[in-house]
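A.B. asks: predicted model follows, preceded by the sequence.
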Amino acid sequence: MPFRSPASLHYRTAARSENITQRGAALFGVNEEQFSNWRWQMKNQITSAEDARKVLHLSENETQAFHELESLFQAGVTPYYLALMDLENEFDPVRLQAVPRLDELKDKIGIEDPLQEVGNSPVKEVVHVYRDRVAFCVAQLCPVYCRYCFRKRRDDEVGLHFNPKIVDAGVKYIAENKEIRDVLITGGDPLIAQDGTLENLLRQLRNIPHVEIIRIGTRVPVTLPYRVTEELADMLAQFHPLWINTHFNCPEELTPEAAAAIDTLLSRGIPVGNQSVLLAGVNDSPERLKALLEGLVRIRVRPYYLYQAQTVEGTAHLRVPIEKGLDLMRSLRGNTTGFAIPQYVLDTPTGKIPLSPNHVIGRTEDDVLLLDLKKNPWREPNPINDYVTQNPLGFPNL
Ligand SMILES: *Cc1c(COP(=O)(O)O)cnc(C)c1O
Ligand code: SF4
């Protein structure tokens, strides 16, 4: 059986009840079976204004951007993801993530590789920042090219996608470095490969005794849920402990199809987490962020990280000030399920830095002063001892 029909699930789990397969099939003039075939979706990826215009009412800004950005960062959208968009509104949150805009040409501070991943890769595509874990960027292609992607630079390199030489050299590096206990397979989107290609890579990694956990970073449940077939999930389940992190950014993406894809992974014992990027006009209000996070836990996805958007070229219009991000985090605590709240982080060339609203104000004699959720001071008895004198509230001596 290929893709599990979302009709077999309770619709109330998804944030939106509309059946996108039905809507999409009608929009693209194909039957639902064809529309839900992931290979058909990849073959029919929308890459030009001419294609997009057949379905969307494109604005002048978007039309020009399709042309002007062609050589800088090409557009690519699956028919499924396009069918999630408001066809009339150019500021629709799904559309802002995937359809190019001229604003991308007006970023004054964005750079190509803000995380210095190229410099942090001892062999090509193995980013080794932390002692015990690596990000292994095996894939180059994606179902949808997110306009804020921090790995846009990969777009230029021909033949990067599951290149056997790069994959073999990466596996060899991991096998030779006994400290690596956690391998994150990422890209691009690794789940765009054929089952056999992925299986081959996973088997090689599983055969390395010191690799304890394997993780896959993929946006497929969001941009191409039909890719999560029963066969794919069965194949992945051979390589436990295997974890998946996906990437939902707004409540509109929580469709019955996405919920079905997640359910297929969970039913094989694969834990699914979510990493969102904080994006202007997409998820930067307390209401929308809360709706996203609560929708995720309804489909049993655990919110893991909320990323501060990187200063990647062409993304200034999507970035949100860190101060606003901290206010958003403050708005969540106490107002929703604790495990629906992700950690807000900024990734840097030396690792991820937590961005947390500070509730610790200071200390008096034998008390630590805190700010409670109602912004009232709370005095916690916490007598001075040796540890306290050496580590004043954990602040480093700079
Ligand atoms: C994010 C990241 C990881 C994984 O970090 P966790 O905090 O363990 O999820 C590993 N390597 C690199 C280079 C990363 O950017
Ligand atoms: S799916 Fe991930 S790697 Fe691909 S364009 Fe989007 S953010 Fe970048």
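C.D. replies: Sure thing, it's come through. Ligands and ions are numbered 1, 2, ... in the order given.
A.B. asks: nearest spatial neighbour of Val171, skipping sequence neighbours?
C.D. replies: With CB to CB, 6 or more residues apart in numbering as the measure, Gln204 is the residue that lies nearest to Val171, at 4.9 Å, once sequence neighbours are left out. In short, each C-beta sits where N, CA and C put it, glycine included.
A.B. asks: any idea how far the one you found is from ligand 2?
C.D. replies: Distance of Gln204 to ligand 2, given as CB to the nearest ligand atom, to the nearest Å: 22 Å.
A.B. asks: check which helix or strand covers that residue.
C.D. replies: helix 195-206 (DSSP states H and E).
A.B. asks: repeat that for Glu380.
C.D. replies: Glu380 belongs to strand 377-381, assigned by DSSP H and E.
A.B. asks: can you give me how far that strand is from the chain middle?
C.D. replies: Distance of strand 377-381 from the chain centroid (CA atoms, centre = their mean, to the nearest Å) equals 38 Å.
A.B. asks: contacts for that strand, please.
C.D. replies: Contacts to strand 377-381, defined as CB atoms under 8 Å, 6 or more residues apart in numbering, come from residues Ile361, Thr364, Asp366, Asp367, Val368, Leu369, Leu370, Leu371, Asp372.
A.B. asks: turn the residues you listed into CSV, columns for distance to Glu294, secondary structure and neighbour count.
C.D. replies: CSV is the format used below for the contacts of strand 377-381 (distance: CB to CB, whole Å; DSSP: H, G, I helix; E, B strand; the rest coil; neighbours: other CB atoms under 10 Å):
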residue, distance to Glu294, secondary structure, neighbour count
Ile361, 30, strand, 13
Thr364, 39, strand, 9
Asp366, 40, coil, 12
Asp367, 36, strand, 14
Val368, 32, strand, 16
Leu369, 32, strand, 16
Leu370, 27, strand, 16
Leu371, 25, strand, 14
Asp372, 23, coil, 10
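A.B. asks: which non-adjacent residue is nearest the residue of the stretch 251-398 of the chain found nearest ligand 2?
C.D. replies: Residue nearest to ligand 2 within the stretch 251-398 of the chain: Val277 (7.6 Å; CB to the nearest ligand atom). Excluding its sequence neighbours, the residue lying closest to Val277 (CB to CB, 6+ apart) is Tyr307, at 4.7 Å.
A.B. asks: doesn't Asn274 make contact with that neighbour?
C.D. replies: No: using CB atoms under 8 Å, Tyr307 is not in contact with Asn274, being 11.1 Å away.
A.B. asks: these two: who's more crowded?
C.D. replies: Counted by other CB atoms under 10 Å, Tyr307 and Asn274 do not tie: Asn274 has more neighbours, with 25 against 22.
A.B. asks: and that one, what does it touch?
C.D. replies: Asn245, Thr246, His247, Phe248, Leu296, Val301, Arg302, Pro303, Tyr304, Pro342.
A.B. asks: do Leu371 as well
C.D. replies: Per CB under 8 Å, 6+ apart, neighbours of Leu371: His359, Ile361, Pro377, Trp378.
A.B. asks: in TSV: these, plus pLDDT and distance to Gln140.
C.D. replies: Compiled in TSV, these are given as follows (pLDDT from 0 to 100; distance: CB to CB, whole Å):
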residue	pLDDT	distance to Gln140
His359	91	43
Ile361	89	48
Pro377	94	53
Trp378	95	51
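A.B. asks: tell me which residues touch the residue nearest to Ile361 when sequence neighbours are not counted, please.
C.D. replies: Nearest residue to Ile361 in three dimensions, chain neighbours excluded: Leu369, at 4.3 Å (CB to CB, 6+ apart). The contact partners of Leu369, by CB under 8 Å, 6+ apart, come to Val360, Ile361, Gly362, Arg363, Pro377, Trp378, Arg379, Glu380.
A.B. asks: looking at these, which is nearest Ala49?
C.D. replies: Of all these, Ala49 sits closest to Val360, with 51.9 Å by CB to CB.
A.B. asks: neighbours of the residue nearest to Glu104 when sequence neighbours are not counted, how many?
C.D. replies: Distance criterion CB to CB, 6+ apart; nearest residue to Glu104, sequence neighbours excluded, is Gly314 at 3.8 Å. Using other CB under 10 Å, Gly314 has 21 other residues around it.
A.B. asks: how about Gly314, what does it touch?
C.D. replies: Neighbours of Gly314 in contact, by CB under 8 Å, 6+ apart: Leu69, Leu72, Phe73, Glu104, Leu105, Asp107, Gly110, Arg147, Lys152.
A.B. asks: include distance to ligand 2 and neighbour count when you put these into CSV, please.
C.D. replies: Output for the contacts of Gly314, formatted as CSV (distance: CB to the nearest ligand atom, whole Å; neighbours: other CB atoms under 10 Å):
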residue, distance to ligand 2, neighbour count
Leu69, 14, 18
Leu72, 14, 15
Phe73, 9, 21
Glu104, 14, 21
Leu105, 19, 14
Asp107, 17, 17
Gly110, 15, 18
Arg147, 8, 25
Lys152, 7, 21
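A.B. asks: want to throw the residues you listed into a markdown table with distance to Glu253, secondary structure and pLDDT?
C.D. replies: Formatted as a markdown table, the contacts of Gly314 follow (distance: CB to CB, whole Å; DSSP: H, G, I helix; E, B strand; the rest coil; pLDDT from 0 to 100):
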| residue | distance to Glu253 | secondary structure | pLDDT |
| --- | --- | --- | --- |
| Leu69 | 23 | coil | 93 |
| Leu72 | 26 | coil | 89 |
| Phe73 | 21 | coil | 91 |
| Glu104 | 21 | helix | 96 |
| Leu105 | 27 | helix | 96 |
| Asp107 | 25 | coil | 93 |
| Gly110 | 25 | coil | 94 |
| Arg147 | 15 | coil | 97 |
| Lys152 | 21 | helix | 88 |
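A.B. asks: of those, closest to Asp263?
C.D. replies: Out of the contacts of Gly314, the member with the shortest distance to Asp263 (by CB to CB) is Arg147, at 29.0 Å.
A.B. asks: dihedrals phi and psi, the closest one?
C.D. replies: phi -70, psi -20 (degrees, to the nearest 10).
A.B. asks: returning to what we had before: now do the strand holding Glu380 against strand 367-371, angle only.
C.D. replies: If you take axes from the mean of the first three to the mean of the last three CA atoms, to 10 degrees, strand 377-381 sits at 150 degrees to strand 367-371.
A.B. asks: perfect, that will be all.
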